[in-house]
Structures are given as structure tokens and as C-alpha cells.
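**Student:** Show me how the following folds:
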Amino acid sequence: MTSRTTDRSDEYSDVRPMFASLGSLDADDPSRDELRDAIITRCLPLAEHIARRFDRRGEPFDDLVQVASVGLVNAVDRFDVDRGSDFLAFAVPTIMGEVRRHFRDTGWAVRVPRRLKELHLEITTASSKLSQQFGRAPTPREIADELGVGVEDVVQGLQAANGYQALSVDAAVSGDEAGSTLGDLLGDDDIALAGVEDHETLRVIIDNLPDRERLVLLLRFFGNETQSQIAARIGVSQMHVSRILSATLAKLREHAER
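**Tutor:** This next block holds a predicted model:
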């Protein structure tokens, strides 16, 4: 037992006599519930302390305190003072287990296999321990050695964290004084994309047109020249240009539909 745990056990040394008194009461004794509630109230700071260890992982702190409190209640109800063990040694893993189950079962934005959820929590714990030990962030290999798993398992566990919390498109962009949201940075549909397929289809057809038909078509629709201007340019009548355009457009439509 570390000195920190020993100090905390001393802090809650008054709890053991309370449990002894609780065990001496009959199950139907009305004072039993009062004493049980008093023990829970006395140990609530312990639940809050453990909840704080899991803070800043995407879950509201108040929710973590509630979950840890449920773990505390379970610990109080299951603790047997006659076994001679220290309540703190029993309560801490019980409470932490409840919080970990909360993260595993309800704290993920997308469905992630339970194995990876549990591995992610183990990696988080090991990473914190090794960071204090090395004075730097541990490598996946060091985490794998600490947990006794393969490096690939650690990589998968780290990647699983991407599924923990989804960002809202209404979230503010960090450092943007204009108050932009992530949704403002998302691209809109490009209406020009709808014409890409038609453009590529027509390009092949136009390339295969006779030279004069292709020239008339390009001058009219890409050069914005009138039929009279085109007629003067190629040396034919305006009526002839009109017939060329009509025939060419009909040919393009036929090939495009085909």
C-alpha cells in the first residue's frame, strides 16, 4: 500500500466502527438505514475524488460523480467488516470499476467492440503511470510491454479513442474570433460537379464531329457569335448555319442518349 493510500485510509479510519455498528443491527432495525446513509454520506468525498481522476475525458463531471456514487453505494452494501479487510481497499476498486463500466458502455459516440473499450481504458491508465515514470509520453511499445499485449493491440486501442466522442458541427472553431463553427468550414455541394459527366460525354462526341460542324457549334455556344456572324465567317448563308446547328444538336442528343 502506498503512502497516499495509507494516508487516505487513516482519513476514513472512523468508517470501520460505523460498519461494526451496522453489522450488529438487525435487518429490520429502523436505525440500520440511517447508519447506512451516514456511512455513504461520510464517504462521498471518496467517490468525488475518484470521479475527478476520470475528468476531462469527454463526460460531464457531475455525471461521473453520480456514477462513482453508485459504485460507493454498492461498496457499502457489499462490504463485510468481519473479513477484516480495510473498507477503502474494497471501495476504491469497486467505485473505479463502476466508472470504467460507465465509460465502456455509455461514453462512446459510435459502436466500438467491448474488448477495445476495455483496452482503451487500460492504455489510458498505463499511459498516465508511464508518463510520470519517464517524464514523457510513452511509446506504443512501452505501453504494450506494461500491459503484456502486442503493439498492434495498443495501436487499435488508441485508434478506438476516435470513436469516443463525436464533434458537433455547431462547435466553435478554436481561436476564431469571428465565432465560426465547424459547420461553417464544411464545403457545400459544387453545382458544377453535376455537369462533369455531361461535359465529358459531349467532349468525346464533339471531337468526332466533322470540322465544319464542330466549328459552327463552338462559335455559337462557346464563342457566343450569332448565326449571321458565323455565316459570314465560314462563307455560307445564315439559313445554312441554322440547318447545320439543328442537325449537329440532334446528332449530339442521339449520341448522348445512346
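**Student:** can we go C-alpha only for contacts and neighbour counts from here?
**Tutor:** Fine.
**Student:** and the longest helix for this protein?
**Tutor:** helix 30-53 (DSSP state H).
**Student:** Show the average pLDDT along it.
**Tutor:** Averaged across helix 30-53, pLDDT comes to 91.
**Student:** who does the next helix-or-strand element following it touch, helix- and strand-wise?
**Tutor:** Where DSSP states H and E defines the elements, the next helix or strand beyond helix 30-53 is helix 61-78. The contact analysis (3 or more Cα pairs under 8 Å, 6 or more residues apart in numbering; DSSP states H and E) places helix 61-78 against helix 30-53, helix 87-106.
**Student:** ranking those helices by burial, who's on top?
**Tutor:** helix 87-106 (a mean of 18; mean count of other Cα atoms under 10 Å).
**Student:** Do you have the strands of the chain handy? List them.
**Tutor:** When assigned using DSSP state E, the chain turns out to have no strands.
**Student:** how far out from the middle of the chain is the longest helix of the chain?
**Tutor:** 34 Å (Cα atoms, centre = their mean, to the nearest Å).
**Student:** could I have that helix exported to PDB, CA atoms only?
**Tutor:** Extracted in PDB, the C-alpha atoms of helix 30-53 (Å, rounded to 0.1, in the frame of the first residue of the first chain):
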ATOM      1  CA  PRO A  30     -35.000   1.200  11.500                       C
ATOM      2  CA  SER A  31     -31.700   2.800  12.600                       C
ATOM      3  CA  ARG A  32     -29.900   0.500  10.200                       C
ATOM      4  CA  ASP A  33     -30.900   2.600   7.200                       C
ATOM      5  CA  GLU A  34     -29.900   5.800   9.000                       C
ATOM      6  CA  LEU A  35     -26.500   4.400   9.800                       C
ATOM      7  CA  ARG A  36     -26.000   3.100   6.200                       C
ATOM      8  CA  ASP A  37     -26.900   6.500   4.800                       C
ATOM      9  CA  ALA A  38     -24.500   8.100   7.300                       C
ATOM     10  CA  ILE A  39     -21.600   5.900   6.000                       C
ATOM     11  CA  ILE A  40     -22.500   6.700   2.400                       C
ATOM     12  CA  THR A  41     -22.500  10.500   3.200                       C
ATOM     13  CA  ARG A  42     -19.300  10.200   5.100                       C
ATOM     14  CA  CYS A  43     -17.600   8.500   2.100                       C
ATOM     15  CA  LEU A  44     -19.000  10.700  -0.700                       C
ATOM     16  CA  PRO A  45     -15.700  12.700  -0.900                       C
ATOM     17  CA  LEU A  46     -14.000   9.500  -1.800                       C
ATOM     18  CA  ALA A  47     -16.400   9.000  -4.700                       C
ATOM     19  CA  GLU A  48     -15.900  12.600  -5.900                       C
ATOM     20  CA  HIS A  49     -12.100  12.100  -5.600                       C
ATOM     21  CA  ILE A  50     -12.200   9.000  -7.900                       C
ATOM     22  CA  ALA A  51     -14.600  10.800 -10.300                       C
ATOM     23  CA  ARG A  52     -12.100  13.600 -10.600                       C
ATOM     24  CA  ARG A  53      -9.400  11.100 -11.700                       C
END
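**Student:** Do you have the helices of this protein handy? List them.
**Tutor:** Taking DSSP H as the criterion, the chain carries its helices at 3-11, 15-24, 30-53, 61-78, 87-106, 114-134, 140-147, 151-160, 182-185, 196-207, 211-221, 227-234, 238-257.
**Student:** Tell me where the model's unsure across the stretch 51-200 of the chain.
**Tutor:** Along the stretch 51-200 of the chain, the model assigns pLDDT under 70 to residues 57-58, 84-85, 104-114, 117, 160-197.
**Student:** Now with 80, please.
**Tutor:** Scanning the stretch 51-200 of the chain with the threshold set as pLDDT under 80 gives 55-59, 81-85, 103-118, 120-121, 124-125, 128-129, 131-132, 135, 157-200.
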